[in-house]
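> Could you work out the structure for the sequence below:
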Amino acid sequence: MSNFQEKLISVANRNEATKNLINEKNAPLFEKLCAHMLEVNKSLNLTAIKDEDGVILKHIVDSSACVPYINSSARLCDIGCGGGFPTLVIGILRGDVSILGVDSVTKKVKYVEDTAAFLGLENVTVSNARAEEMGQDKGLRESFDIATARAVGRLNLICELCLPLVKVGGKFLAMKSLSAGEELKEAKRAIELLGGLVEEVKEYSLTDGQETVERTIIVIRKVKSTPPIYPRNNSQIAKKPL
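The predicted structure is shown next:
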């Protein structure tokens, strides 16, 4: 194994939230992903994190923490997939899961699409679309087992983008910083109105031995259909949040 792979496995295994997720089998793909992203990032500006240690802790290991919440053979959409986290990480770790990465920024969608092909991830597709438009598409509305969103926006706003896409019985995984408690209170009305029920709030720390980051995963179960009016258009969501 390379130094990168040994370091990645060590960091993942020292944190309870990500223990045993990354191993000798999948670590080489993560090394390939990291090298590729850092090279592309020189011209495309995908992330402010430009060192391997930062990518390991704050992108790869951080993104992997949602994997234990993903059921077998799920159909998943990742809203605001940006530079491919967690889309590509889930794609590497869970070959049984069908993943649709969604972003409105064309260059980022193209990057994720090209990188998925570069890594040989046949379970990853992408869409250059707006989530609020997808949520009103009869072919996509309430069709996913799981929706994820990582560092996309405040919880009350992203609930309106994500919950309409989740089928009843499915769940929305909101990946947030430790300040999520305040956002959760703010989003209480939105969650109920959109058909959701907070199932779990998991707070945890991730460390590589040098740096520690505090994280929260909010698991919202879809318990009833979202009213047809939601999601509203982008300007309405921004001007009058639920």
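> what's the neighbour count on the nearest residue to G209 once chain neighbours are set aside?
Residue nearest to G209 in three dimensions, not counting chain neighbours: R14, with 7.1 Å by CB to CB, 6 or more residues apart in numbering. Any C-beta I mention is one placed from the backbone N, CA and C, and that applies to glycine too. Applying the criterion other CB atoms under 10 Å, we find 14 residues in the vicinity of R14.
> contacting residues for R14?
Contacts here follow CB atoms under 8 Å, 6 or more residues apart in numbering; on that basis R14 touches T207, D208, G209.
> want to throw the residues you listed into JSON lines with neighbour count and pLDDT?
Putting these into JSON lines (neighbours: other CB atoms under 10 Å; pLDDT from 0 to 100) gives the following:
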{"residue": "T207", "neighbour count": "14", "pLDDT": "98"}
{"residue": "D208", "neighbour count": "20", "pLDDT": "96"}
{"residue": "G209", "neighbour count": "11", "pLDDT": "95"}
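> Which of those residues sits closest to D96?
Distance to D96 across these (CB to CB) is lowest for D208, with 28.6 Å.
> do you know how far E214 is from R232?
Taken as CB to CB, to the nearest Å, the spacing of E214 relative to R232 amounts to 32 Å.
> E31 against F4, yeah?
Yes: checked against CB atoms under 8 Å, the pair E31 and F4 is within contact range at 4.7 Å.
> Distance to S179 and secondary structure added to the contacts of R14, as CSV?
Supplementary listing: those in CSV, determined by distance: CB to CB, whole Å; DSSP: H, G, I helix; E, B strand; the rest coil:
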residue, distance to S179, secondary structure
T207, 18, strand
D208, 21, coil
G209, 24, coil
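> Great, nothing more from me.
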